[in-house]
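**Student:** give me the fold of what follows.
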Amino acid sequence: MSTAVLPTGAGLANVRRSALAAGVTSGANAVLGVAFWAVASRGYDPAEVGTGALLILVVQTIAAATDLNLNIGLPRLLPQLGARRGRVVALSYLAITTLGAAGGVVAVLVLPAFSADLRAVLADWRLAASMITAVALWGVFALQDNVLIAVRRSSWAPVSNIAFGAAKVAAVAALAAADVPGGVLLAWVLPLPLVVLLVSLGPIRSGLRHYLGGAELRLGGVAPTRAALTSFLAFDYAALLLQQAAAVLMPIVVLTRLGAEPNAWFTIAFTAAVAAESVLVATAGALTSEAAAAPHRARELAAPTIRRVAVLLGAGVPAGWLAAPPLLAVFGAGYAAHATTALRAMAVAAVPMAILVLRTGLWRIEGRSRPILLTHAAVLALLGALVVPAADRWSVGGVAWAWCAAMAIPAVLLLPALVRAGFHPSNDEGRSR
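**Tutor:** Alright, predicted model coming up:
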């Protein structure tokens, strides 16, 4: 295995390049997402949009839950796997598609019990098959962005996401014009196979052939035993399951307590939160990947990354707050009237979200996954306590503020350590955590 290590400056450049690619990807996804939901909301009635939005979220949640945390784990491990990296990626694809398809089958069988709307939609075998296909492929599609980061081909991530986004906008427009039932879900499924295939055979294949990682596989500063590596991945995966449970809890509460139309309003606001999180997760993933290649320079790489995120939040959160009403007006008067508070809450939530993502990223670099699990358990417990009363009293806006509060409480506790890492990196050099 190669032991060559890039200079810190090159590592920072790769983190910045990946963060820029994530920003472009998120921006393109946001624009194309607005276009998708605008077309969907004008082509289908709000109840069908709300039901379709929930099914898409379920698809994404199941895909995340069945990816064995490879979406997060591979950027940490791939730079240190040497000649095994191609085989590991291929096995990851196989595992994700198999488990995703199984999860999709379970969802198709279970979801109709929760809602008459879902029962009516999934009674159509074509939509049920589309949902199973979507789960199986979405996990691979999501994984590809992080594999591209790990093999330093992150500039291709915006290309694949823009291609997918543009194709799904065209698909939902065509399906709505033809009055095809379930077109909101179908539009997400149709472009996936081709995009996944092209990215896998193109930039990922090239990156796996040419990129050489740095140091040998290490966790917590030492070469891990099989038991230690299994423990690290297991706790990290359990944390992911809790994180996904928190994400899917909110729309389920909105749908069951407030209805399908309010769920359509909430979906638009939550889409903005997902876009912000994707940039943060990609930035943390790039940092994790580069630090894995040069473990002794992890803090040098982390400090400027944390400061840059802080600057972006300082500009982005106020902008998101002010832009909420005109942005929602694109979807129609009902969205602007009922979802502005929720979108503003999601903008504020970007701050605690960034703290959690970056702090868990540092733990992951250090080979410590138990604190990650405890953090996400705390968020889920707080959200579970807050979300139902907030929905009953303040409707869609209350659900969004409950999300913000559930992250803010643990974020306050984690902030001091993140500040030290971002502004006093020398304090942590040479320490084993």
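
**Student:** for the protein, which spans come out with low pLDDT?
**Tutor:** Within the chain, the stretches with pLDDT under 70 are 1-14, 18-19, 22, 79-84, 115-117, 120-121, 211-226, 292-296, 424-433.

**Student:** could you rerun that using 50?
**Tutor:** Low-confidence segments of the chain, defined by pLDDT under 50: 1-8, 427-433.

**Student:** show me where it has its strands.
**Tutor:** Read by DSSP state E, the chain holds no strands at all.

**Student:** not counting sequence-adjacent ones, nearest residue to the residue most central in space within it?
**Tutor:** Central residue of the chain (CA atoms, centre = their mean): Ser278, 4.8 Å from the mean position. The spatially closest residue to Ser278, leaving aside those adjacent along the chain, is Ser26, at 5.3 Å (CB to CB, 6 or more residues apart in numbering). (Glycine included, C-beta is placed from N, CA and C.)

**Student:** what separation is there between that neighbour and Thr283?
**Tutor:** Separation of Ser26 from Thr283 (CB to CB, to the nearest Å) stands at 10 Å.

**Student:** where along the stretch 201-350 of the chain do the helices fall?
**Tutor:** Taking DSSP state H, counting those that start in this stretch as the criterion, the stretch 201-350 of the chain carries its helices at 205-210, 226-257, 260-293, 298-329, 333-365.

**Student:** pick the most deeply packed of these.
**Tutor:** With neighbours taken as mean count of other CB atoms under 10 Å, these reach their highest mean count in helix 260-293, at a mean of 25.

**Student:** helices and strands around it, which ones?
**Tutor:** When contacts are defined as 3 or more CB pairs under 8 Å, 6 or more residues apart in numbering; DSSP states H and E, helix 260-293 packs onto helix 8-43, helix 46-65, helix 70-77, helix 125-150, helix 226-257, helix 298-329, helix 333-365, helix 370-423.

**Student:** distance to Ala113 for the ones you listed - can I get that in TSV?
**Tutor:** Formatted as TSV, those follow (distance: least, CB to CB, whole Å):
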stretch	distance to Ala113
helix 8-43	26
helix 46-65	13
helix 70-77	29
helix 125-150	14
helix 226-257	12
helix 298-329	33
helix 333-365	27
helix 370-423	20
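
**Student:** so which of those is nearest Gly100?
**Tutor:** Evaluated over the helices and strands packed on helix 260-293, closeness to Gly100 peaks at helix 125-150, with 4.1 Å, by CB to CB.

**Student:** can you point out the buried residues in that closest one?
**Tutor:** By 16 or more other CB atoms under 10 Å, the buried positions in helix 125-150 come out as 127-128, 130-150.

**Student:** follow-up on the earlier one: make CSV out of the helices of the stretch 201-350 of the chain and add distance to Leu78.
**Tutor:** Formatted as CSV, the helices of the stretch 201-350 of the chain follow (distance: least, CB to CB, whole Å):
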stretch, distance to Leu78
helix 205-210, 9
helix 226-257, 13
helix 260-293, 7
helix 298-329, 16
helix 333-365, 13
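
**Student:** for Leu197, find the nearest of those helices.
**Tutor:** helix 205-210 (11.1 Å).

**Student:** rewinding a little: just give the number of residues close to the residue nearest to Ser278.
**Tutor:** Neighbourhood size, Ser26 [other CB atoms under 10 Å]: 22.

**Student:** do the same with the one 10 residues further on
**Tutor:** Phe36 has 23 neighbouring residues, counting by other CB under 10 Å.

**Student:** wait, which of the helices of the stretch 201-350 of the chain is closest to Val399?
**Tutor:** Nearest to Val399, of all those, is helix 226-257, at 5.3 Å by CB to CB.

**Student:** between helix 70-77 and the closest one, find me the angle.
**Tutor:** Here the directions of helix 226-257 and helix 70-77 differ by 150 degrees (axes from the mean of the first three to the mean of the last three CA atoms, to 10 degrees).
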